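> have a look at this fold, sequence not included:
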């Protein structure tokens, strides 16, 4: 973590969750803050922030002072969206896991802007892949952040998955810690250390199984309120950004043309085209930018076949993908992949391909 990264302030709307987890572990949280010289400015919780370096030290102190269980596990499994209850309502009333996974984008926007959790689908498997943005984490750093996030993901995932379905395994980039067996016991699945990425793995078919909590009216209301909250928090979002996010969230739209994306955004095709023109942009240009970005993310994993990437990005065939990528980057996909480092770079993942 660089000095600039350590000093970067990030939202700390999860403060009540930290206090609750600390109490469960026999930790006097206010005392820890005082020992570390961390001051949380009084005011509305939605405006609370903390330096990223301070958050890392706070986690380390809580791990050290816990008198009972491993603190990251407790923080993750007791997590609740106390201040953003609509997020939890959206999750629990989702018709499918695929729909529920959308909430991960909102969590990044509202709670953890420095963390991305992306859905990747390949073959019979689906993965929720964790990526810390803007920071090349060392494999030697403690896996506490990933542990807490996956503890929460496992909790909500198991709440939704119809029994007897479950996660298949957990992959962690870090070496096995001294408490590796405790980690396996806690998650209840195989935990693979020294993996190529941090990911929760489960059967792909579970994504589209109907869920018992499906409640369309409540689900729709929760989505509306969340989107209103996003508009307040992210007022700078333009139509261009909305188009980009729609394509990233649902890569299938990449191969369906502007009309499908307009429908996704609740707009008429002519309205979408006119408003993009007013912003000096076009749908096909945005589509190309998103495809290029997602292709680069996918190519960073040498295990992902080029045919799979081209299909996921909505190309008719691999040849069309190769021509387009060569136009964007000046290199074929294979040459670009080779140039990037002769292998997988830790922390990068396939991204939003599906």
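Received it, and whenever you're ready, just let me know what you need. Just so it is clear, the model here is predicted, and its values are computed rather than measured.
> tell me the secondary structure for the most centrally placed residue in the chain?
What sits nearest the mean C-alpha location of the chain, by C-alpha atoms, centre = their mean, is residue 117, with 1.7 Å. Classification of residue 117 using DSSP: H, G, I helix; E, B strand; the rest coil returns strand.
> what sits against it?
104, 107, 108, 128, 129, 130, 131, 149, 153 (C-beta atoms under 8 Å, 6 or more residues apart in numbering). Backbone N, C-alpha and C define where each C-beta goes, glycine included.
> most neighbours among those residues, which one is it?
Neighbour counts for the contacts of residue 117, by other C-beta atoms under 10 Å, peak at residue 130, which reaches 24 neighbours.
> distance of the closest residue to residue 119 other than its chain neighbours from residue 150?
Nearest residue to residue 119 in three dimensions, chain neighbours excluded: residue 101, at 5.1 Å (C-beta to C-beta, 6 or more residues apart in numbering). Using C-beta to C-beta, to the nearest Å, we find residue 101 at a distance of 14 Å from residue 150.
> between these two, which is the more surrounded one?
Legend: neighbour count by other C-beta under 10 Å for residue 101 and residue 150, higher for residue 150 (29 against 21).
> where's that one, which helix or strand?
helix 144-160 (DSSP states H and E).
> thinking again about what came up before, touching, the residue nearest to residue 119 and residue 127? I think so.
No: with contact defined as C-beta atoms under 8 Å, residue 101 does not reach residue 127; the gap is 11.1 Å.
> can you list residues touching both of the two?
residue 119.
> any idea whether residue 79 is helix, strand or coil?
Following three-state DSSP, the label given to residue 79 is coil.
> what about it, how many residues nearby?
What residue 79 shows, counting by other C-beta under 10 Å, is a neighbour count of 21.
> look up how far residue 197 lies from it.
22 Å.
> so where's the stretch 101-250 of the chain uncertain?
Where the stretch 101-250 of the chain drops to pLDDT under 70, the residues are 133-140, 232-237.
> mind running it again at 80?
By pLDDT under 80, the low-scoring segments of the stretch 101-250 of the chain are 109, 113-114, 132-141, 229-238, 249.
> so which residues of it form strands?
115-122, 125-132, 169-171, 190-192, 198-203 (DSSP state E, counting those that start in this stretch).
> for the last one, name the packing helices and strands.
Strand 198-203 is packed against strand 125-132, helix 144-160, strand 169-171, with contacts defined by 3 or more C-beta pairs under 8 Å, 6 or more residues apart in numbering; DSSP states H and E.
> closest to residue 179 out of these?
Closest of these to residue 179 is helix 144-160, at 9.9 Å (criterion: C-beta to C-beta).
> packing partners for the closest one?
Using 3+ C-beta pairs under 8 Å, 6+ apart: helix 144-160 touches helix 52-65, helix 71-77, helix 85-92, helix 97-100, strand 115-122, strand 125-132, helix 180-187, strand 198-203.
> for residue 261, which of those is the nearest?
Of these, nearest to residue 261 by C-beta to C-beta is helix 97-100, at 18.2 Å.
> hmm, back to that, nearest to residue 209, of the contacts of residue 117?
Closest to residue 209, out of all of those and judged by C-beta to C-beta, is residue 128, at 16.3 Å.
> and the closest residue to the closest one other than its chain neighbours, how many neighbours?
Excluding the flanking residues, the one nearest residue 128 by C-beta to C-beta, 6+ apart is residue 200, at 4.6 Å. Around residue 200 there are 22 other residues, counting by other C-beta under 10 Å.
> same check on residue 34?
11.
> measure how buried residue 124 is and give me the count.
Quick note: residue 124 (other C-beta under 10 Å) scores 9 neighbours.
> and the gap between it and residue 269?
36 Å.
> can you give me the helices for the stretch 251-354 of the chain?
For the stretch 251-354 of the chain, the helices defined by DSSP state H, counting those that start in this stretch cover 258-264, 269-278, 283-299, 306-312, 318-329, 333-339.
> show me what the first one is packed against.
Spelled out, that is helix 258-264. helix 239-249, helix 269-278, helix 283-299.
> which of those sits closest to residue 168?
Across the helices and strands packed on helix 258-264, closest to residue 168 is helix 283-299 (C-beta to C-beta), at 21.7 Å.
> which residues does that closest one contact?
240, 243-244, 247-248, 251, 254, 258, 261, 272-273, 276, 304, 309, 312-314, 321, 324-325, 328-329, 333, 336-337, 340, 348-353.
> residues contacting residue 126?
Neighbours of residue 126 in contact, by C-beta under 8 Å, 6+ apart: 119, 120, 201, 202, 203, 204, 206, 207.
> can you tell me how far it sits from residue 48?
On the measure of C-beta to C-beta, residue 126 and residue 48 end up 34 Å apart.
> with residue 214 instead?
34 Å.
> so these two - more neighbours on which side?
Neighbour count, other C-beta under 10 Å: between residue 214 and residue 48, residue 48 has more, with 17 against 14.
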